[in-house]
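# quick one: sequence and predicted model below, then my questions.
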Amino acid sequence: VVGGRRGSLLQTGGGLSMALRHTSQLLPGLRAFITGEIDQRGARIEVRIPPHQMAEAIDLGRFNPSASGFQATAKVSGHAGLIIGGNGPQGAGRLKISHGRVHQDERSLVLDGIDMAVQINDLLQLKSAPQQRLRIGQLALGNLRADHLAVDFQIEDAQTLFIEKAGINWSQGRINSSALRLNTGRADYDLTLFCDRLNLAQVLKQLGAAEASGDGTVNGRIPIRWTDGRLVFDNGFLFSTPGQTGVIQLSGTQALLSGLPPGSPQYTQLDIATEALKDYSYQWAKLNLQSEADNLLLKLQFDGKPNRLLPFAYDQSLGQFKRVAGAGQADFKGISIDLNFRSPLNDIIHYKDLFNQQ
């Protein structure tokens with residue numbers, strides 16, 4: 001252990017007793033009090049860490065080089081006991097972290113309001129009790145924002161962490177995950193996210209599809225896979241609740257028209273669709289999410305109508321609508337819309353920078 005120690009070691013009638021104070025250099029200001037006895041029956045050692053609030057952020061790279069650049073502050077406390085006797089060594093302990101914060105500015109990463117309590121039932125095997133708790137108040141990663149992460153977990157041994165359940169607030173709704181076992185020797189993972197009443201406009205905005213606002217919600221599941229250092233979305237889908245309509249306003253969709261010849265039927269249809277979605281009421285909506293290389297493909301489908309007249313008029317000579325200047329003229333009673341968006345995954349969440357530290 002890095003740091004200094006002071007205290008006493010006394011010889012008693014049946015053995016030795018000690019009372020030491022350790023001052024940490026890894027966590028400046030943190031003190032640990034160590035007491036113990038050694039006699040014919042064996043040894044009994046207790047370590048107590050009184051609540052310690054870090055005065056300033058520390059770089060986590062001092063604990064693990066791969067975490068270099070991550071700055072952390074927290075309030076830390078804990079205690080542990082070790083008994084060495086005829087039945088072999090036995091030990092247990094408890095660690096508590098509260099008011100924690102981790103940030104990494106280059107990756108736009110912030111974890112704020114970290115609160116974790118871990119009861120270790122077996123110190124030698126580093127095995128915790130079930131249903132240990134991790135809570136994080138606010139999270140940010142790249143363009144994504146979320147809050148109230150709740151994780152129940154168990155440390156099964158020094159190499160294995162079992163996530164019993166996890167949930168997080170995102171896009172004004174809730175996401176819960178299936179159980180997951182993490183192992184240091186494993187590189188591929190599959191996880192399904194179950195989404196409940198996510199605000200569709202917020203989903204599109206955070207996933208980099210378009211600037212959006214609105215009051216409609218969607219539900220569904222998103223299977224994701226981590227493999228070969230890449231994050232993969234595997235045919236995820238979100239759909240509006242049957243019988244519940246919604247309103248959405250999309251902007252910043254002009255890029256969808258690039259590459260199409262102006263005046264062509266395809267250009268005109270897409271021009272009408274993007275104009276309609278500036279203020280649109282829908283009967284139902286569906287969003288599919290699929291990975292393609294390092295891109296996230298979003299297929300958005302609506303059935304509904306625009307909430308205003310659109311700046312188009314029907315041209316008899318062309319046999320199609322064309323955009324006109326001035327006030328809107330076309331009253332569309334119903335429009336079914338299919339739009340495809342492509343978002344670079346690493347631009348959204350910077351996950352490669354986060355997980356591929358040197």
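Looks like it came in fine.

# now residue 208, what's its secondary structure?
Secondary structure assignment for residue 208 (DSSP: H, G, I helix; E, B strand; the rest coil): coil.

# hmm, it is touching residue 142, no?
No: look at residue 208 against residue 142 with C-beta atoms under 8 Å: they stay out of range, at 9.2 Å. Using the backbone N, CA and C atoms, a C-beta is placed for each residue, glycine as well.

# now stretch 213-221: mean pLDDT?
Stretch 213-221 shows an average pLDDT of 95 in the prediction.

# put the alpha carbons of it into PDB.
Coordinates of the C-alpha atoms in stretch 213-221 are reproduced here as PDB (Å, rounded to 0.1, in the frame of the first residue of the first chain):
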ATOM      1  CA  SER A 213     -39.400  18.700 -30.700                       C
ATOM      2  CA  GLY A 214     -42.800  17.100 -29.900                       C
ATOM      3  CA  ASP A 215     -44.900  15.200 -27.400                       C
ATOM      4  CA  GLY A 216     -45.300  11.700 -28.800                       C
ATOM      5  CA  THR A 217     -43.700   8.600 -27.100                       C
ATOM      6  CA  VAL A 218     -42.400   5.300 -28.400                       C
ATOM      7  CA  ASN A 219     -41.700   1.900 -26.800                       C
ATOM      8  CA  GLY A 220     -39.800  -1.200 -27.800                       C
ATOM      9  CA  ARG A 221     -36.500  -3.000 -27.600                       C
END
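
# please identify the buried residues of it?
The neighbour-count check on stretch 213-221 (16 or more other C-beta atoms under 10 Å) flags 214, 216, 217, 218, 220 as buried.

# residues in contact with that stretch?
With C-beta atoms under 8 Å, 6 or more residues apart in numbering as the test, stretch 213-221 has contacts from 172-173, 192-201, 203, 236-241, 244-249, 282, 285-287.

# in helices only, show me these.
200, 201, 203 (DSSP state H).

# of the residues you listed, which is the nearest to residue 94?
residue 203 (39.3 Å; C-beta to C-beta).

# look at that closest one and report its pLDDT.
Residue 203 carries a pLDDT value of 95.

# now the spatially closest residue to residue 39 that is not a sequence neighbour: how far from residue 88?
Of all residues not flanking residue 39 in the chain, residue 15 sits nearest, at 3.5 Å (C-beta to C-beta, 6 or more residues apart in numbering). Residue 15 sits 19 Å away from residue 88, going by C-beta to C-beta, to the nearest Å.

# go on, residue 330?
The gap separating residue 330 from residue 88 is 83 Å, by C-beta to C-beta.

# quick one, which of the two is more surrounded?
Higher neighbour count among residue 330 and residue 88: residue 330, with 17 against 9, using other C-beta atoms under 10 Å.
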